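In: Fold the following and give me the result.
(chains A and B)
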Amino acid sequence: QTVVTQEPSFAVSPGGTVTLTCGLSSGSVSTTNYPSWFQQTPGQTPRTLIYTTNTRSSGVPDRFSGSILGNKAALTITGAQADDESDYYCFLYLGSGVWVFGGGTKVTVL
Amino acid sequence: QLQLQESGPGLVKPSETLSLTCTVSGGSISSSSYHWGWVRQPPGKGLEWLATIHYSGTTYYNPSLKSRVIISMDTAKDQFSLKLSSVTSADTAVYYCARHFDHRFDPWGQGKLVTVSS
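Out: Predicted coordinates:
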């Protein structure tokens, strides 16, 4: 069974930059996996940040950007703010009508 | 503005079937452009995609749950539903319905906590 891997946690200073990654236990992530990224603060519904690798969802600040870095999908937060402290989930299409979420990365801004 | 709302029992006994319905308002579930899906999140854990359906009737399932999950839709009522059979405590979670398109979910319902317990 294919597993989507994410860093369990990351800490970033206010105003700093952090890059979260999303990989596959078997193989590389590419644009054909249509990576998406979701942000979820405790007790809240997830919110789409990025879809199809690098398209920002409506209303999402441009400090959030998506890309492919090497063999992984990446979410970069440039100029982190206090309210970016959340859990971030990537979501990949594996093909044949199967999608899977990563385990999530907890980002702390301190 | 499109809105989704989950409904159904909040408590299900072990070995029974969990049944949830998602009601869509502010838009039609019959649009050929969109799919509709279910995602769940056990307490304190991550998100898990469960199933997705298109109004044409095409369905997609998480392989790890495929034998226990059925997704269906009622276009006349703008509703789609989830049935999960033979539940155990591991199925205790917040269940979200959402529009599934462009490989993302947007918008989401507010979520329905379902507890499996005798």
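In: need the contact list for residue 19.
Out: All of this refers to chain A. For residue A:19, the contacting residues are A:69, A:74-77, by C-beta atoms under 8 Å, 6 or more residues apart in numbering or on different chains. To be clear about C-beta, it is placed using only N, CA and C from the backbone, and glycine gets the same treatment.
In: that's the wrong chain, I wanted chain B
Out: Neighbouring residues of residue B:19 by C-beta under 8 Å, 6+ apart: B:8-9, B:81-83.
In: can you tell me which of the contacts of residue A:19 are in strands?
Out: A:69, A:74-77 (DSSP state E).
In: now check the helix or strand bottoming out on mean pLDDT in chain B, is it near chain A?
Out: Lowest on mean pLDDT, DSSP states H and E among the helices and strands of chain B sits strand B:104-108, with a mean of 94. Yes. Residues of strand B:104-108 contacting chain A under C-beta under 8 Å from any C-beta of the partner chain: B:104-106, B:108.
In: Test for you: state the pLDDT assigned to the residue sitting furthest away from the middle of chain A.
Out: Going by C-alpha atoms, centre = their mean, the residue of chain A most distant from its centre is residue A:96, 22.3 Å out. We have a pLDDT of 94 for residue A:96.
In: Just list the residues touching residue A:1, thanks.
Out: B:63-64.
In: Recalculate using a threshold of 7 Å.
Out: By C-beta atoms under 7 Å, 6 or more residues apart in numbering or on different chains, the residues touching residue A:1 are residue B:64.
In: And for the one 10 residues further on?
Out: Taking C-beta under 7 Å, 6+ apart, we find residue A:11 in contact with A:108, A:110.
In: Just list whatever residues bridge to it.
Out: Beta-bridge pairing of residue A:11 under DSSP bridges involves residue A:108.
In: thinking again about what came up before, quick one: the residue farthest from the centre of chain A and residue A:2, what's the gap?
Out: Distance, residue A:96 to residue A:2, by C-beta to C-beta, to the nearest Å: 11 Å.
In: give me the number of residues near residue A:83?
Out: 9 (other C-beta atoms under 10 Å in any protein chain shown).
In: Quick one: classify it as helix, strand or coil.
Out: helix (DSSP: H, G, I helix; E, B strand; the rest coil).
In: quick one: it and residue A:39, what's the gap?
Out: Taking C-beta to C-beta, one finds residue A:83 at 10 Å from residue A:39.
In: And for residue A:60?
Out: Using C-beta to C-beta, residue A:60 is found at 9 Å from residue A:39.
In: count of neighbours near the closest residue in space to residue B:70 that isn't next to it in sequence?
Out: Sequence neighbours aside, residue B:83 is the residue nearest to residue B:70 in space, at 4.5 Å (criterion: C-beta to C-beta, 6 or more residues apart in numbering or on different chains). When neighbours are defined as other C-beta under 10 Å, residue B:83 has 15 of them.
In: Residue A:60 and residue A:39: who's more crowded?
Out: Counted by other C-beta under 10 Å, residue A:60 and residue A:39 do not tie: residue A:39 has more neighbours, with 22 against 16.
In: Quick check on the residue nearest to residue B:70: phi, psi?
Out: As for residue B:83, its main-chain torsions (degrees, to the nearest 10) stand at phi -120, psi 130.
In: How about residue A:14?
Out: phi -50, psi 130.
In: Could you give the separation of stretch B:28-41 from the chain centroid?
Out: 9 Å (C-alpha atoms, centre = their mean, to the nearest Å).
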